[in-house]
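> Below are the sequence and a predicted model for it; my questions follow.
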Amino acid sequence: MKDGVNGVALGVFIFFFLAVTVMGFLAARWRRAENEATLDEWGLGGRSFGTWVTWFLLGGDLYTAYTFVAVPAAIYAAGASGFFAVPYTILVYPLIFTFLPRLWSVSHKHGYVTTSDFVRGRFGSKGLSLAVAVTGILATMPYIALQLVGIQAVLDVMGVGGGENTNWFVKDLPLLIAFAVLAAYTYSSGLRAPALIAFVKDGLIYLVIAVAIIYIPIKLGGFDDIFAAAQDKFNPPGKPPTGALAPGEAGHWGYATLALGSALALFMYPHSITATLSSRSREVIRRNTTILPLYSLMLGLLALLGFMAIAAGVKVENGQLAIPQLFENMFPDWFAGVAFAAIGIGALVPAAIMSIAAANLFTRNIYKDFLKPDATPEQETKVSKLVSLLVKVGALAFVLTMDKTVAINFQLLGGIWILQTMPALVGGLFTRWFHRWALIAGWAVGMIYGTAAAYGVASPSQKHFGGSSKEIPGLGEIGYIGLTAFVLNVVVVVVLTFVLNAVKAPVGTDETSPGDYTADAGDPGVQEKLPPATAGAPGGH
């Protein structure tokens, strides 16, 4: 690590940061609607984004600063097991092709803003809707915190903020400034801000990876030398192996279940759905499921940076600093600044979308459903704006007061939790057979088992919540806890549905109809045809 502040890199970083800040505030004027005081406008960008805007928004949403830092960091630390992120992003796109267009159609028809809106309308259950909303908010909070961890990693490598002994305010001031700017333009522009900034963010990331994947191997003597260096690190002569270039047989179950479970969970996150519902037509969603795999190609190349960091001799105690440090060591200062800007902006875009998504869940499914059922669209928008600020404050407090490994472990726990909402959401898109009470019970079993199992996992640095894999009951193999909890969830749902249907327990009112799941923009009765006063109201059709 270079001594002092890297002034050139910092200058380039500040230039791009200021540029996207201006874009964030100008986004309020982009596609401005007549009535901006609705969640459709502030929280979903007016449901008006086309194919390319949606593609950049979803990419900016899913491929975050934490992805940029953590995926190659995992490979730097343990080898090929970190590549699980590549197959899971390949698995996810055929999966979402089957259900996202249906979710878009029914949400557009009824003015649903969140997944919980749909669950309430489909099953007639505010309790189930509340469970989905609370899970979404809990899973999103540590995810936002990790975006701030990504920014902090870049600032540390650039030498900004001083050392560990520096006054806490001076040390964290750059992060506080970045947070304040993010909070201000999100409050002002809503989802339009990250949608506009995503163009810059993804452009920078593609540029940095394209240069890195060519330039760094040339400087290091080629991929043969890179893989040889990684092999030497993971299998030192006369010592126990610390990793592997390919997962060993004992790790196959863990690798496969983690990839599959992560694929199932990815589009259960509220921010993924928020970006999806912002698109203007069903066909936009279908097109995006076919072109989003381009990001998987990028992710595969990005993951190789972990091996390059080993070959370049990068030595860091915190693995999250490995890739920023690699960039500073290998690139000229000005291009290192571009790379750091890509990571920093890669934190701002998803953090904004995540805070908006969590705020929408609170507003529609807690505030409106339980606290103020007669809330007007203007009141909903105001509450959502305020909650988006509180969510970011909470994430900032999380980062500033807790060890970074705690944030990472809670994000892993969030993945286990959010997967338990899949039976209600995806199941509800295809069938009404599942009973609402069975879905609540299955969710509770999955949440309790997943949390308890994760609590019992230890690591060298953590007594509890030290990982997301544990022995699968009945199989004796190590597998992803979230997938095991999901299987238990589904079993409970199916068994209890048979029982509850047999005793004719009340099933609730379904406000949707079969045609709603294939409706497209411009069809008679869809949401944008409604008068402004009812356009944001659930069930308005």
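Received, thanks. Residues are numbered from 1 along each chain as shown.
> what's the closest non-adjacent residue to Val349?
Nearest in space to Val349, with sequence neighbours left out and distances taken as C-beta to C-beta, 6 or more residues apart in numbering, is Gly60 at 3.9 Å. All C-beta atoms are positioned from the backbone trio N, CA, C, and that covers glycine.
> can you tell me which residues contact the closest residue to Gly82 other than its chain neighbours?
Nearest residue to Gly82 in three dimensions, chain neighbours excluded: Ala74, at 3.1 Å (C-beta to C-beta, 6+ apart). Applying C-beta atoms under 8 Å, 6 or more residues apart in numbering to Ala74 gives the contacts 81-82, 306, 319.
> thinking again about what came up before, so what's the residue count around the residue nearest to Val349?
When neighbours are defined as other C-beta atoms under 10 Å, Gly60 has 27 of them.
> Quick check: buried residues in the strand or helix carrying it?
Element membership for Gly60 (DSSP states H and E) is helix 51-62. Across helix 51-62, burial judged by 16 or more other C-beta atoms under 10 Å covers 51, 53-62.
> Can you tell me which of these is closest to Thr274?
Proximity of these to Thr274 (C-beta to C-beta) peaks at Asp61, which lies at 8.0 Å.
> Please list all residues in contact with the closest one.
By C-beta under 8 Å, 6+ apart, the neighbours of Asp61 are 194, 198, 271-272, 274-275, 349-350, 353.
> do that again at 7 Å, thanks
271-272, 275, 350, 353 (C-beta atoms under 7 Å, 6 or more residues apart in numbering).
> which one is it nearest to, not counting chain neighbours?
Ala275 is the one closest to Asp61 (C-beta to C-beta, 6+ apart), at 4.6 Å.
> what's around that neighbour, how many residues?
Neighbours of Ala275 (other C-beta under 10 Å): 33.
> Could you check which helix or strand contains it?
helix 270-277.
> Cross-reference the contacts of Ala74 with the helices and report the matches.
Gly306 (DSSP state H).
> Stretch 249-259: which residues count as buried?
Neighbour counts over stretch 249-259 (16+ other C-beta under 10 Å) mark 251, 253-259 as buried.
> An error on my part: the question was meant for stretch 89-101.
89-93, 95-96, 99-101.
> With just CA atoms, put it into CSV.
What follows is stretch 89-101, C-alpha atoms only, in CSV (Å, rounded to 0.1, in the frame of the first residue of the first chain):
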residue,chain,number,x,y,z
THR,A,89,-26.1,-15.9,-12.1
ILE,A,90,-26.4,-18.2,-15.1
LEU,A,91,-29.1,-20.3,-13.4
VAL,A,92,-31.1,-17.3,-12.4
TYR,A,93,-32.1,-15.9,-15.8
PRO,A,94,-34.0,-18.9,-17.2
LEU,A,95,-35.7,-19.0,-13.8
ILE,A,96,-36.9,-15.4,-13.8
PHE,A,97,-38.0,-15.7,-17.4
THR,A,98,-40.8,-18.0,-16.2
PHE,A,99,-42.2,-15.7,-13.5
LEU,A,100,-41.1,-12.1,-13.7
PRO,A,101,-43.3,-11.3,-16.7
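> residues in contact with that stretch?
By C-beta under 7 Å, 6+ apart, stretch 89-101 touches 259-260, 263, 266-267, 276, 282, 285-286, 289, 292-293, 295-296, 299, 426, 429.
> Please report how far the residue nearest to Phe398 when sequence neighbours are not counted lies from Leu175.
Closest residue to Phe398 apart from its sequence neighbours, by C-beta to C-beta, 6+ apart: Ala145 at 4.3 Å. According to C-beta to C-beta, to the nearest Å, Ala145 and Leu175 sit 11 Å apart.
> again with Gly221
Taking C-beta to C-beta, one finds Gly221 at 37 Å from Leu175.
> Compare the two and say which one has the larger neighbour count.
Each of Gly221 and Leu175 has its neighbours counted (other C-beta under 10 Å); Leu175 has more, 19 against 12.
> The more buried one reaches Gln152, doesn't it?
Yes - in this structure, Leu175 is within contact of Gln152 by C-beta atoms under 7 Å, at 5.6 Å.
> and Ala210, how many neighbours?
Neighbours of Ala210 (other C-beta under 10 Å): 12.
> Then it would be within a helix, right?
Yes - counting by DSSP: H, G, I helix; E, B strand; the rest coil, Ala210 is found in a helix.
> So it versus Ala303, what's the distance?
15 Å.
> got the contact list for the residue nearest to Val349?
Here Gly60 is in contact with 194, 198, 201-202, 349-350 (C-beta under 7 Å, 6+ apart).
> Same question for Ala65.
By C-beta under 7 Å, 6+ apart, the neighbours of Ala65 are 147, 150-151, 343-344, 346-347.
> Turn those residues into CSV, including distance to Ser107.
Converted to CSV, the contacts of Ala65 look like this (distance: C-beta to C-beta, whole Å):
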residue, distance to Ser107
Gln147, 26
Gly150, 30
Ile151, 32
Ile343, 33
Gly344, 32
Gly346, 27
Ala347, 28
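> Just give the nearest non-adjacent residue to Leu266, would you?
Leu266's closest residue in space is Val92 (C-beta to C-beta, 6+ apart), at 5.1 Å.
> quick one: pLDDT of that neighbour?
With respect to pLDDT, Val92 scores 90.
> and the angle for whichever strand or helix holds it with helix 270-277?
Element membership for Val92 (DSSP H and E) is helix 85-110. Angle of helix 85-110 versus helix 270-277, following axes from the mean of the first three to the mean of the last three C-alpha atoms, to 10 degrees, is 60 degrees.
> what's the following helix or strand after helix 85-110?
helix 115-123.
> Just after that next one, pick out the following helix or strand.
Counting by DSSP H and E, what follows helix 115-123 is helix 126-158.
> so how far is that next one from its chain's centroid?
8 Å (C-alpha atoms, centre = their mean, to the nearest Å).
> how close does the residue nearest to Gly82 get to Phe84?
On the measure of C-beta to C-beta, Ala74 and Phe84 end up 8 Å apart.
> Ok, Val208 next?
From Val208 to Phe84 the distance is 23 Å (C-beta to C-beta).
> Ok, Trp42 next?
36 Å.
> For the two, indicate the residue with more neighbours.
Taking other C-beta under 10 Å, Trp42 and Phe84 do not tie; Trp42 has more neighbours (29 against 25).
> Could you find the closest non-adjacent residue to the more buried one?
That would be Gly190: by C-beta to C-beta, 6+ apart, it lies 3.7 Å from Trp42.
> what do you get for Phe199?
Phe56 (5.4 Å).
> again with Trp55
Asn288 (5.4 Å).
> got the angle for the helix or strand harbouring the one you found vs helix 270-277?
Using DSSP H and E, Asn288 sits in helix 282-291. Using the same axes, to 10 degrees, the inter-axis angle of helix 282-291 relative to helix 270-277 is 120 degrees.
> hang on, the earlier thing: could you dump the buried residues of helix 51-62 to TSV with pLDDT and distance to Gln379?
Below are the buried residues of helix 51-62 laid out as TSV (pLDDT from 0 to 100; distance: C-beta to C-beta, whole Å):
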residue	pLDDT	distance to Gln379
Thr51	88	34
Val53	88	28
Thr54	89	29
Trp55	87	33
Phe56	86	31
Leu57	86	27
Leu58	86	30
Gly59	81	33
Gly60	74	29
Asp61	75	27
Leu62	77	31
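> okay, those residues in a markdown table with distance to Ser125 next?
Compiled in a markdown table, the buried residues of helix 51-62 are given as follows (distance: C-beta to C-beta, whole Å):
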| residue | distance to Ser125 |
| --- | --- |
| Thr51 | 35 |
| Val53 | 34 |
| Thr54 | 30 |
| Trp55 | 34 |
| Phe56 | 36 |
| Leu57 | 31 |
| Leu58 | 29 |
| Gly59 | 34 |
| Gly60 | 33 |
| Asp61 | 28 |
| Leu62 | 29 |
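> List just the nearest of the residues you listed to Ile214.
Gly59 (21.7 Å).
> Quick check: the closest one vs Thr21, distance?
21 Å.
> Contacts for stretch 484-504 next, please.
Residues contacting stretch 484-504 (C-beta under 7 Å, 6+ apart): 261, 264, 416, 419-420, 422-423, 433-435, 437-439, 441-443, 445-446, 449-450, 472.
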